[in-house]
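K.L.:
Below is the sequence, then the predicted model.
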Amino acid sequence: MRADFKDGNVLEFKTTASALVPIQHWISTEWKYTYRAELRLIRLSDGRTLWQQQCTADGKPLEKKDMFTADGAKVLKSDMPTAAEECARQLLAKFP
């Protein structure tokens, strides 16, 4: 990055998780889409991380895992960008 940006600062946004995860209830299991990301502000002159924060956002729970992929993955295609946008909002709110 130093070759491209010289001695400035760079924001690095990295997705750390994107998955369908089970939610265990007393007698049943639901599934949800979860998204996690990390944002770092890096000073290129010395590679030092000046600020770092993480976020997590979830989609709405559904009864069955295959409900996310039904109908051309309609629910998953809806939940993925919504969760990423929510995560970005969380990070921006924490940015100094």
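P.N.:
Everything's here; your move.
K.L.:
Could you look up the SS state of residue 54?
P.N.:
strand (DSSP: H, G, I helix; E, B strand; the rest coil).
K.L.:
check contacts around it.
P.N.:
Each residue near residue 54 by CB atoms under 8 Å, 6 or more residues apart in numbering is listed here: 16, 36-39. C-beta coordinates here come from the backbone N, C-alpha and C atoms, glycine included.
K.L.:
The spatially most central residue of the chain bridge partners, please.
P.N.:
For the chain, the residue nearest the mean C-alpha position is residue 36 (3.1 Å; CA atoms, centre = their mean). Beta-bridge pairing for residue 36 (DSSP bridges): residue 17, residue 56.
K.L.:
quick one: it and residue 55 touch, right?
P.N.:
Yes: using CB atoms under 8 Å, residue 36 makes contact with residue 55 at a distance of 6.9 Å.
K.L.:
Quickly list what's touching both of those two.
P.N.:
Joint contacts of residue 36 and residue 55 (CB under 8 Å, 6+ apart) are residue 87.
K.L.:
How about residue 91, nearest residue that isn't a chain neighbour?
P.N.:
residue 39 (4.6 Å; CB to CB, 6 or more residues apart in numbering).
K.L.:
Counting by contacts, list what the helix or strand containing the one you found packs against.
P.N.:
With elements taken from DSSP states H and E, the one containing residue 39 is strand 29-43. Counting contacts by 3 or more CB pairs under 8 Å, 6 or more residues apart in numbering; DSSP states H and E, strand 29-43 is packed against strand 9-24, strand 48-58, helix 70-94.
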